[in-house]
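Participant: This is the structure alone, sequence omitted:
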């Protein structure tokens, strides 16, 4: 499981806690935590995408014909 998936799992767990919490204050805290975990997952995904976009592309080896 990659990091973003783990963060999304944490977010889902926080959402469950928000739903079962009895006090409005606790629901607000759990919902806020869920949003933060979701944002962390987005940031990790964006960083992964940016890192791969910046990596140099490998060029195929040129086929040279040498005349001797």
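Facilitator: Nice, thanks for sending it over. All of these numbers come straight from a predicted model, not from anything done at the bench.

Participant: Which parts of this structure are helices?
Facilitator: With DSSP state H as the criterion, the chain has helices at 3-20, 24-54.

Participant: Quick one: work out the angle between the first one and helix 24-54.
Facilitator: To tie it back to what came earlier, the one meant is helix 3-20. 170 degrees (axes from the mean of the first three to the mean of the last three Cα atoms, to 10 degrees).

Participant: Counting by contacts, list what helix 3-20 packs against.
Facilitator: With contacts taken as 3 or more Cβ pairs under 8 Å, 6 or more residues apart in numbering; DSSP states H and E, helix 3-20 sits against helix 24-54. Bear in mind the C-beta positions are built from the backbone N, C-alpha and C, glycine included.

Participant: how far is the helix it packs on from where the chain is centred?
Facilitator: Distance, stretch centre to chain centre, for helix 24-54: 7 Å (Cα atoms, centre = their mean, to the nearest Å).

Participant: list the buried ones in it?
Facilitator: For helix 24-54, the neighbour count (16 or more other Cβ atoms under 10 Å) marks 30-31, 33-34, 37-38, 40-41, 44-45 as buried.

Participant: Closest to residue 23 out of those residues?
Facilitator: Closest approach between the buried residues of helix 24-54 and residue 23, by Cβ to Cβ: residue 30, at 10.3 Å.
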